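S.K.: mind folding the following:
(chains A and B)
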Amino acid sequence: NAGVTQTPKFQVLKTGQSMTLQCAQDMNHEYMSWYRQDPGMGLRLIHYSVGAGITDQGEVPNGYNVSRSTTEDFPLRLLSAAPSQTSVYFCASSYGGHLDQPQHFGDGTRLSIL
Amino acid sequence: QQQVKQSPQSLIVQKGGISIINCAYENTAFDYFPWYQQFPGKGPALLIAIRPDVSEKKEGRFTISFNKSAKQFSLHIMDSQPGDSATYFCAAIRMDSNYQLIWGAGTKLIIKP
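M.R.: Presented below is the predicted three-dimensional model:
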């Protein structure tokens, strides 16, 4: 099992450019989430999905869009990149609906906005 | 608004010593308290977790102590090893928030050989 796969691993963008961060899981998990990780701030939830066709906003959704057309994939789109979006982005998945189901994380995408 | 406060930010412990990381929460509606471990270049991974009706849970060298009345919980790593060097996050979950995690800010632990 590959688990949660994120691509690309690294990306440099210019301000105003758009891009899509890819996330795929092969564990048939219902729940998927996107986080950003910044030094000293832990992980902050951007958007999440509790199943195909269902998405909702997290703590810091501005500047990001998501969609969930399949159970496996949950891409994150940056519409117009800003330097404040420089961060490490993590995608996670879980069975959901159970307290003791752990979130499984990808290895992250390191994004720099110049 | 930080609902889970974690301390210290960083911690250096000698090999064989006890590492202690503390967390405090505000919302009494939290239902579950996991700890995640993150190595450089990797995503976090679940280490150990506890429910609020239990005061202590032990798995190998890792123990969670939970004080419901004080709204505090802590991670103890006994006989700390260099391989334990990582960033540790405490978190809390509420069932009525779609099981989303509320994260502490993290503690960078370094075990000196």
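S.K.: next up, the contacts around the residue lying closest to A:His47 once chain neighbours are set aside.
M.R.: Once flanking residues are discounted, A:His47 sits nearest to A:Val66: 4.2 Å by C-beta to C-beta, 6 or more residues apart in numbering or on different chains. Heads up, the C-betas are built off the backbone N, CA and C, glycines and all. Shown in contact with A:Val66 (C-beta atoms under 8 Å, 6 or more residues apart in numbering or on different chains): A:34, A:46-47, A:49, A:55, A:74-77.
S.K.: which of these fall in helices?
M.R.: Per DSSP state H, helices hold no members of these.
S.K.: tell me the one of those residues nearest B:Asp31?
M.R.: Distance to B:Asp31 across these (C-beta to C-beta) is lowest for A:Ser49, with 21.0 Å.
S.K.: so what pairs up with the closest one in the strands?
M.R.: A:Met32 (DSSP bridges).
S.K.: nearest to chain B: which residue in chain A?
M.R.: Nearest residue of chain A to chain B, counting by C-beta to the nearest C-beta: A:Phe105, 2.8 Å away.
S.K.: who does that residue bridge with?
M.R.: A:Ala92.
S.K.: hang on, it packs against A:Val4?
M.R.: Yes - contact criterion C-beta atoms under 8 Å: A:Phe105 and A:Val4 qualify, at 6.2 Å.
S.K.: count of residues packed around the residue nearest to A:Asp38 when sequence neighbours are not counted?
M.R.: Closest residue to A:Asp38 apart from its sequence neighbours, by C-beta to C-beta, 6+ apart: A:Ser87 at 5.4 Å. For A:Ser87, the neighbour count with other C-beta atoms under 10 Å in any protein chain shown is 21.
S.K.: mind checking how far B:Ala29 is from A:Gln37?
M.R.: To A:Gln37, B:Ala29 is 25 Å away according to C-beta to C-beta, to the nearest Å.
S.K.: residues from chain B in reach of chain A?
M.R.: B:6, B:9, B:31-32, B:34, B:41-46, B:49, B:51, B:89, B:93, B:95, B:98-101, B:103-106 (C-beta under 8 Å from any C-beta of the partner chain).
S.K.: please enumerate the strands of chain B.
M.R.: Taking DSSP state E as the test, the strands found in chain B are B:4-7, B:10-14, B:19-25, B:33-38, B:45-50, B:56-59, B:62-67, B:72-77, B:86-93, B:101-103, B:107-112.
S.K.: nearest to A:Leu111, out of the ones you listed?
M.R.: Closest approach to A:Leu111 among those (C-beta to C-beta): strand B:33-38, 17.8 Å.
S.K.: how far off centre is the closest one?
M.R.: 5 Å (C-alpha atoms, centre = their mean, to the nearest Å).
S.K.: ok, stretch A:97-104 next?
M.R.: The answer for stretch A:97-104 is 17 Å, by C-alpha atoms, centre = their mean.
S.K.: please save the CA atoms from that stretch in PDB.
M.R.: C-alpha atoms of stretch A:97-104 as PDB (Å, rounded to 0.1, in the frame of the first residue of the first chain):
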ATOM      1  CA  GLY A  97     -16.500   8.800  12.100                       C
ATOM      2  CA  HIS A  98     -14.500   7.200  14.800                       C
ATOM      3  CA  LEU A  99     -12.500   8.800  17.600                       C
ATOM      4  CA  ASP A 100      -9.700   6.200  17.600                       C
ATOM      5  CA  GLN A 101      -9.100   6.200  13.800                       C
ATOM      6  CA  PRO A 102      -5.700   7.900  13.200                       C
ATOM      7  CA  GLN A 103      -5.100  10.300  10.500                       C
ATOM      8  CA  HIS A 104      -2.600   9.000   7.900                       C
END
